[in-house]
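Participant: Predicted structure and sequence below. I'll ask about it afterward.
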Amino acid sequence: MSQPTLFGAGPAPTPRLADSGPRYTPVELAKLLRLPAPTREQAAIIAAPVEPLLVVAGAGSGKTETMAARVVWLVANSYVRPEQILGLTFTRKAAGELAHRVRTRLDQLIRRLGRQGRDPLDDPLAGEPTVSTYHSYAGRIVTEHGLRAGYEPSTRLLTEASRWQLVDLLVRNYDGDMSEVDRMPSTITDAVLALAGELDEHLVAPDDLAAWTGRFFAEVQSRPGRVYADVRKALTLQQTRLRLLPLVRAYARRKEDFEAMDFADQLARAARVARDHPGVGVIERDRFRAVLLDEYQDTSHAQVVLLNALFGGGHP
């Protein structure tokens with residue numbers, strides 16, 4: 001992405017005159033729907049140009065209502081159809097609230113304007129927007145496009161309990177070197193899961209981490225003088241990670257044996273599919289002409305890679 005995107009609109013579903021401008025202003029739409037008029041700041045966001053846009057808004061500032069109003073403005077002015085809108089957020093609760101608000105406002109718009117044609121294919125108000133969590137959307141990318149990277153769509157998703165049990169069994173049966181790892185088996189299980197998740201979140205393979213750690217140790221040892229306490233602490237942490245890597249690899253092999261993946265795998269796979277197969281982005285950009293990313297500042301590296309690969313290059 002050229003910059004983090006929260007609001008925007010893509011190419012119009014039907015040709016529009018470049019200088020014709022929108023039919024409705026945000027204030028006119030609020031009046032039409034019998035809603036309170038937006039503030040000046042909200043109106044500027046609702047009717048922003050059809051290009052990538054970052055919006056910074058604090059809690060309680062009317063963010064969800066502004067996003068819903070943006071969607072209504074895009075649809076009412078024929079920039080997109082409802083089904084060409086994608087909204088992503090982090091929790092199922094937030095996704096449900098955003099979806100409810102957007103659909104309520106679109107239903108109000110349809111009641112006020114009426115259907116625009118007998119055939120739903122010709123009705124610019126027909127269709128439903130897609131609103132989901134980032135993880136759910138990543139899961140759909142893997143299901144629909146995973147085969148491009150060799151990922152079977154039938155791979156089952158492990159629950160939090162089942163992944164913990166799987167790793168705990170590996171830990172309790174592990175006979176490798178665990179010297180200098182002063183932890184209980186249950187704590188080691190948590191550490192293995194955390195490390196595996198962080199590697200996926202950053203799209204880093206275990207071998208890459210091992211190689212980096214070797215270079216890190218060599219760099220520290222090449223420096224003259226004494227090693228400070230914070231540096232020793234970092235070295236100890238990296239040494240612990242090296243001891244955990246065989247269990248991380250064993251966990252990955254066991255998931256392959258069971259044709260299963262966890263949430264971190266799902267996100268990493270989606271990011272790799274989108275990054276390595278540009279055709280996926282072409283399909284998704286054609287499907288979704290307007291993309292709203294809620295709480296973008298909390299996205300992980302893998303999520304940024306996924307979104308940039310799919311909707312980068314100025315897609316609104």
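Facilitator: Received, thanks.

Participant: Could you use CA atoms for every contact and neighbour count after this?
Facilitator: OK.

Participant: Next one, pLDDT for the residue located most distally from the centre of the chain please.
Facilitator: Distance to the chain centre peaks in the chain at Gly225, reaching 45.0 Å (criterion: C-alpha atoms, centre = their mean). On the pLDDT scale, Gly225 is placed at 91.

Participant: again with the one 10 residues further on
Facilitator: Looking at Leu235, its pLDDT stands at 93.

Participant: For the stretch 101-250 of the chain, which segments count as strands?
Facilitator: Listed in chain order, the strands of the stretch 101-250 of the chain (DSSP state E, counting those that start in this stretch) span 130-133, 156-157.

Participant: what would those strands look like in CSV with mean pLDDT?
Facilitator: As requested, the strands of the stretch 101-250 of the chain are arranged in CSV below (pLDDT from 0 to 100):
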stretch, mean pLDDT
strand 130-133, 97
strand 156-157, 94
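
Participant: Tell me which of the ones you listed lies nearest to Ala309.
Facilitator: For those, the distance to Ala309 is smallest for strand 130-133, at 17.8 Å, taking C-alpha to C-alpha.

Participant: For that closest one, output the C-alpha coordinates as CSV.
Facilitator: In CSV, the C-alpha atoms belonging to strand 130-133 read as follows (Å, rounded to 0.1, in the frame of the first residue of the first chain):
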residue,chain,number,x,y,z
THR,A,130,-18.3,-8.4,3.2
VAL,A,131,-17.2,-7.7,6.7
SER,A,132,-15.0,-10.1,8.7
THR,A,133,-12.0,-10.4,10.9
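
Participant: Now mean neighbour count and distance to Val304 too, for the strands of the stretch 101-250 of the chain, in JSON lines please.
Facilitator: JSON lines is the format used below for the strands of the stretch 101-250 of the chain (neighbours: other C-alpha atoms under 10 Å; distance: least, C-alpha to C-alpha, whole Å):
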{"stretch": "strand 130-133", "mean neighbour count": "21", "distance to Val304": "14"}
{"stretch": "strand 156-157", "mean neighbour count": "15", "distance to Val304": "22"}
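
Participant: Now distance to Gly21 too, for those strands, in CSV please.
Facilitator: As requested, the strands of the stretch 101-250 of the chain are arranged in CSV below (distance: least, C-alpha to C-alpha, whole Å):
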stretch, distance to Gly21
strand 130-133, 26
strand 156-157, 47
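
Participant: Gly176: which of those strands is closest?
Facilitator: strand 156-157 (28.4 Å).

Participant: For Ile46, which of the strands of the stretch 101-250 of the chain is the nearest?
Facilitator: Using C-alpha to C-alpha as the measure, strand 130-133 is the one of the strands of the stretch 101-250 of the chain that comes nearest Ile46, at 18.2 Å.

Participant: What is the closest one packed up against?
Facilitator: On a contact count with 3 or more C-alpha pairs under 8 Å, 6 or more residues apart in numbering; DSSP states H and E, strand 130-133 meets strand 85-89, helix 92-113.
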